[in-house]
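A.B. asks: below are the sequence and a predicted model; questions follow.
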Amino acid sequence: MNKQAILTLFQYNAWSTAKILMSASNLTEEQFLAPVRFPHGSLRGTLVHALFGEWVWHRRWAGIPQNPKWNAEDFPTFASLRARWTEEEPRLMQFAADVTEERLYTKFKYVSTEGYPPERVLWEAMAHLVNHGTQHKTEAAAILTGFGHSPGDIDLIVYLNEGG
């Protein structure tokens, strides 16, 4: 994995997030909070989980201690979640822009959300973050489609075909 590939993946991640958030902005607060048959219980829960993943991994890479988990209730409205994402995403993108080829291949230690201390090569964790986001944004896309607000295709190849 090289720096340009990682940067492309992170740009794709931001693009797919923007598509999801744009579609979600068309929902009522009731729809945003409504129970759904996905692991995180609602669109809010799904998106909070995806954002938490970005936040926690970025903090791990930066060596900053983090709280173990976020609660969906910490984001009572869609606007509060979007505001936090708008705050966090530039930090994540700056990290991806600044990472060096050499650092991509270095190992780092962190404490997992389960409390154990693994060690991981940075590029693997960065690729995981994008993959994790894709999984949960796909769930969000299914929820949004069920409410009549499909975000459209969020495939990597679609992003690349659009000039990404």
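C.D. replies: That came through fine.
A.B. asks: going forward, measure contacts and count neighbours with C-alpha atoms only.
C.D. replies: OK.
A.B. asks: neighbouring contacts of the helix or strand hosting Ala141?
C.D. replies: Element membership for Ala141 (DSSP states H and E) is helix 122-146. For helix 122-146, the external contacting residues (C-alpha atoms under 8 Å, 6 or more residues apart in numbering) are 1, 6, 9-10, 13, 16-17, 20, 23-24, 36, 38, 43, 46-47, 49-50, 53-54, 57, 61, 103-108, 150-152, 154.
A.B. asks: now stretch 16-24: how far from the chain's centre is it?
C.D. replies: On the basis of C-alpha atoms, centre = their mean, to the nearest Å, stretch 16-24 sits 11 Å off its chain's mean C-alpha point.
A.B. asks: give me the contact list for it.
C.D. replies: Against stretch 16-24 from outside (C-alpha under 8 Å, 6+ apart): 32, 78, 82, 134, 137, 140-141, 144, 149-152, 154.
A.B. asks: and that stretch, average pLDDT?
C.D. replies: Averaged across stretch 16-24, pLDDT comes to 98.
A.B. asks: show me which residues of that stretch are buried.
C.D. replies: Neighbour counts using 16 or more other C-alpha atoms under 10 Å place Ser16, Thr17, Ala18, Lys19, Ile20, Leu21, Ser23, Ala24 of stretch 16-24 among the buried residues.
A.B. asks: where does the second one fall, secondary structure wise?
C.D. replies: When elements are defined using DSSP H and E, Thr17 is found to belong to helix 3-24.
A.B. asks: my read: Ile6 touches Met93, true?
C.D. replies: No: with contacts counted by C-alpha atoms under 8 Å, Ile6 stays clear of Met93, the gap being 10.6 Å.
A.B. asks: so which of the two has more stuff around it?
C.D. replies: Using other C-alpha atoms under 10 Å as the criterion, Ile6 and Met93 rank with Ile6 on top: 21 against 16.
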